[in-house]
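*Asks:* model this:
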Amino acid sequence: MSRFHRSEGAGMALLAGLMAAACQPGAERPPRDRPDAVWRAGPALPSPVTNNAVAAVDTDDGVAVFSFLGMDSTKVWSGVTSQAFRWDTGNDSWQEIDPVPGPGRLASTAQVVDGRIYVIGGYTVGEDGSERSVPDVNVYDPETGQWDRAADIPVPTDDAVAGVWRGSHIVLVSGWHDDGNVADVQVFDAGLDKWTAATSIPGAPVFGHAGAVVGDRVVYVDGVEVVEARTRFAIAASSWIGGIDPGDPSDIEWEAGARHPGAPLYRAGGGNVGNLAIFVGGTDNPYNYNGIGYDGTPAVPLRQVLAFDPRLHGWRRLPAPPSPSMDHRNVGVAGGRVFLVGGMHAGQIVTGGVWYAAVENLLAPAF
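*Replies:* Residues are numbered from 1 along each chain as shown. The predicted structure follows:
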């Protein structure tokens, strides 16, 4: 079943209400009513790309930011790319690097373990609109510029949530597999190059959800579930927290989490910043790769950053980049900065824009 040919009346109320951050004393910070004082523009990508996998890595020469795979501005099947780009933040431009091995694909994720970047899963798109989830795990070494191949995902997935646990394991949560969502949670041990099946999610399987691993907890929200005998899609309104057993990362105890403010999210950029999971942009109207909702209505991106503390089950709003955006997989985090690369703006415009924020400014008290 192709996600591109289905429809769902998933109109939701637009973002409403504001949750103020706690008022605490602290050092002088940039004005909070000016997003450009928190988020700054980096050099644009050589060409616009959306639904790309993003990673940031601390290297001997500073922070390097990467964009892998995704779709170009045509937003058609032939625009799915295997291109990869690198920006060393001491420089003023990106450079193209060797492409990701294998076919171009969408909805992959990129995770960093021990300085190497694992580009995981995704799906290919055929000229006839057919889609296939791939098992590929491609590994890039920023120091040598070489690609390697890790063990395939046992259940190939795309549009999944992923995060790194204790610097050594990648946790892959739910997502789409060929013709439907799966409840599988799969854990990859980078040292052993081995996947293990973990405790499945208790909620509805979803794709396009967003989340991160924070300490010994994996967090994810929303996404899209299949309804009506697997023929229609509806956005989910849910929040889940999984407690990872320190002695056995395949043993996860799941519980429902506190709902975030505003509308449910689809294809927001997820990441781990300190003790928080953050969620950047997204939309409340699910769509496939062209940005047009399954209900036939163009999806409208959100300008927001939400943060969740899984220890306190508490949400807060953080300063957002100047432009609303959607169609993200994950943000890059390294060197005390958060990086948002590419994506889709209002009007289904694919962007090559790059924004970054210092973590200390992003998390500073609102007043």
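
*Asks:* Next, count neighbours for the residue lying closest to A55 once chain neighbours are set aside.
*Replies:* In this structure, A55 finds its nearest non-sequential neighbour in A110, 4.0 Å apart by CB to CB, 6 or more residues apart in numbering. Every C-beta, even on glycine, is put in place using the N, C-alpha and C of the backbone. By other CB atoms under 10 Å, 26 other residues sit near A110.

*Asks:* hang on, A110 packs against V331?
*Replies:* No - here A110 does not reach V331: they are 10.4 Å apart, not a contact under CB atoms under 8 Å.

*Asks:* anything in contact with each of those two?
*Replies:* Taking CB atoms under 8 Å, 6 or more residues apart in numbering as the contact rule, A110 and V331 both touch V54.

*Asks:* the helices in the stretch 201-350 of the chain, which residues?
*Replies:* Under the criterion DSSP state H, counting those that start in this stretch, the stretch 201-350 of the chain contains no helices.

*Asks:* All the strands of it, residue numbers only.
*Replies:* Under the criterion DSSP state E, counting those that start in this stretch, strands of the stretch 201-350 of the chain are mapped to 210-214, 217-221, 224-227, 232-235, 239-245, 248-256, 269-273, 276-280, 305-309, 314-318, 332-334, 337-341, 344-345, 349-350.

*Asks:* Could you list every helix and strand in contact with the fifth one?
*Replies:* Put plainly, it is strand 239-245. Under the contact criterion of 3 or more CB pairs under 8 Å, 6 or more residues apart in numbering; DSSP states H and E, strand 239-245 touches strand 217-221, strand 248-256.

*Asks:* For the first one, which outside residues touch it?
*Replies:* What it means is strand 217-221. Contacts of strand 217-221 with the rest of the structure, by CB under 8 Å, 6+ apart, involve 161, 163, 165, 171, 173-174, 209-213, 238-244, 252, 257, 260, 264-265, 270, 277, 279, 308, 310-311.

*Asks:* same check, this time on the longest one
*Replies:* Judged by CB under 8 Å, 6+ apart, the contacts made with strand 248-256 from elsewhere in the structure are 165-166, 169, 171, 185, 187, 196-199, 201-203, 218, 238-245.

*Asks:* Try it again at 10 Å.
*Replies:* Applying CB atoms under 10 Å, 6 or more residues apart in numbering, the contact partners of strand 248-256 are 165-166, 168-171, 173, 185-189, 195-203, 213, 216-218, 238-245, 313.

*Asks:* Pull out the buried residues from the residues you listed.
*Replies:* 165, 169-171, 173, 185-189, 195, 198-201, 203, 213, 217-218, 238-244 (16 or more other CB atoms under 10 Å).

*Asks:* Tell me the spatial nearest neighbour of D178, not counting adjacent residues.
*Replies:* Closest to D178 by CB to CB, 6+ apart is S133, at 5.1 Å.

*Asks:* should've said I278
*Replies:* Going by CB to CB, 6+ apart, I278 has A307 as its nearest residue, at 4.9 Å.

*Asks:* want to try JSON lines for the strands of the stretch 201-350 of the chain, with distance to P103 and mean pLDDT as columns?
*Replies:* JSON lines is the format used below for these (distance: least, CB to CB, whole Å; pLDDT from 0 to 100):
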{"stretch": "strand 210-214", "distance to P103": "25", "mean pLDDT": "98"}
{"stretch": "strand 217-221", "distance to P103": "27", "mean pLDDT": "98"}
{"stretch": "strand 224-227", "distance to P103": "24", "mean pLDDT": "91"}
{"stretch": "strand 232-235", "distance to P103": "24", "mean pLDDT": "89"}
{"stretch": "strand 239-245", "distance to P103": "31", "mean pLDDT": "97"}
{"stretch": "strand 248-256", "distance to P103": "30", "mean pLDDT": "97"}
{"stretch": "strand 269-273", "distance to P103": "24", "mean pLDDT": "96"}
{"stretch": "strand 276-280", "distance to P103": "28", "mean pLDDT": "98"}
{"stretch": "strand 305-309", "distance to P103": "33", "mean pLDDT": "97"}
{"stretch": "strand 314-318", "distance to P103": "36", "mean pLDDT": "96"}
{"stretch": "strand 332-334", "distance to P103": "23", "mean pLDDT": "98"}
{"stretch": "strand 337-341", "distance to P103": "21", "mean pLDDT": "98"}
{"stretch": "strand 344-345", "distance to P103": "22", "mean pLDDT": "98"}
{"stretch": "strand 349-350", "distance to P103": "20", "mean pLDDT": "98"}
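
*Asks:* Serialize the ones you listed to a markdown table and add fields for distance to D152.
*Replies:* Formatted as a markdown table, those follow (distance: least, CB to CB, whole Å):
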| stretch | distance to D152 |
| --- | --- |
| strand 210-214 | 21 |
| strand 217-221 | 22 |
| strand 224-227 | 25 |
| strand 232-235 | 27 |
| strand 239-245 | 23 |
| strand 248-256 | 18 |
| strand 269-273 | 23 |
| strand 276-280 | 27 |
| strand 305-309 | 31 |
| strand 314-318 | 36 |
| strand 332-334 | 25 |
| strand 337-341 | 26 |
| strand 344-345 | 29 |
| strand 349-350 | 30 |
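
*Asks:* of all those strands, which lies closest to A358?
*Replies:* Closest to A358 of those is strand 337-341 (CB to CB; 5.6 Å).

*Asks:* How far does that closest one sit from its chain's centre?
*Replies:* Counting by CA atoms, centre = their mean, to the nearest Å, strand 337-341 is centred 12 Å from the centre of its parent chain.
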